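Participant: Model the following, please.
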Amino acid sequence: MPVELTILAWSCILLLVHIFAAAHLKTKQYGAAWNMSARDQKLPPLDPVAGRLVRAQANFLETYPIAIIVLLGVVIAGRTSEWTAIGGWIWLGARVVYLPLYGFGVPLVRTLVYLVSLVGLGLVFKALVAG
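Facilitator: Next up is the predicted model:
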């Protein structure tokens, strides 16, 4: 199996971590009844950490479709290489590091890690479009 598919499989686990981390803190703040409800009621703002985890999840979801497309794209197009594997691992590794940085409110380093993740995607994208 191409390593790019392995990276995608692990990225699914990372997505679940994002979802459950944010949901756990939201439920802790608003209660289990809220979690199991239709969530129609107006609620107070989230506590800072919960809010950051929700925003980190949204940030992950903004670039996740791009990662899926380029990683699957190189597999389908038969353009996998050492560079696409390196790019994929850079992207995934940076995204793993990004979540706790955002959760703990580390501003500058978090942004740099985000940019590193984009560099990883760029390596894969280059292989997909340039061959």
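
Participant: CA atoms for contacts and neighbours, from now on please.
Facilitator: Fine.

Participant: Spatially nearest residue to Q57 (excluding sequence neighbours)?
Facilitator: For Q57, ignoring the flanking residues on the chain, the nearest one in space by C-alpha to C-alpha, 6 or more residues apart in numbering is H18 at 5.4 Å.

Participant: burial count for that neighbour?
Facilitator: H18 has 21 neighbours, counted by other C-alpha atoms under 10 Å.

Participant: Quickly note the distance from it to L128.
Facilitator: Going from H18 to L128 by C-alpha to C-alpha, to the nearest Å gives 28 Å.

Participant: same check, this time on R39
Facilitator: Taking C-alpha to C-alpha, one finds R39 at 42 Å from L128.

Participant: which of the two has more neighbours?
Facilitator: When R39 and L128 are compared for neighbours, L128 comes out ahead with 22 against 10, by other C-alpha under 10 Å.

Participant: Now for that one: which residues touch it?
Facilitator: Listed by C-alpha atoms under 8 Å, 6 or more residues apart in numbering, the contact set of L128 reads 70, 73-74, 77, 79.

Participant: can you give me the mean pLDDT across whatever helix or strand it lives in?
Facilitator: Element membership for L128, per DSSP states H and E: helix 107-130. Averaging pLDDT along helix 107-130 gives 97.

Participant: Please identify the buried residues of the helix or strand of the chain with the lowest mean pLDDT?
Facilitator: Of the helices and strands making up the chain, the lowest-confidence element is helix 32-35, at a mean of 88, by mean pLDDT, DSSP states H and E. For helix 32-35, the neighbour count (16 or more other C-alpha atoms under 10 Å) marks W34 as buried.

Participant: Quick check: next helix or strand after that helix?
Facilitator: Sequence order places helix 48-76 as the next helix or strand after helix 32-35, per DSSP H and E.
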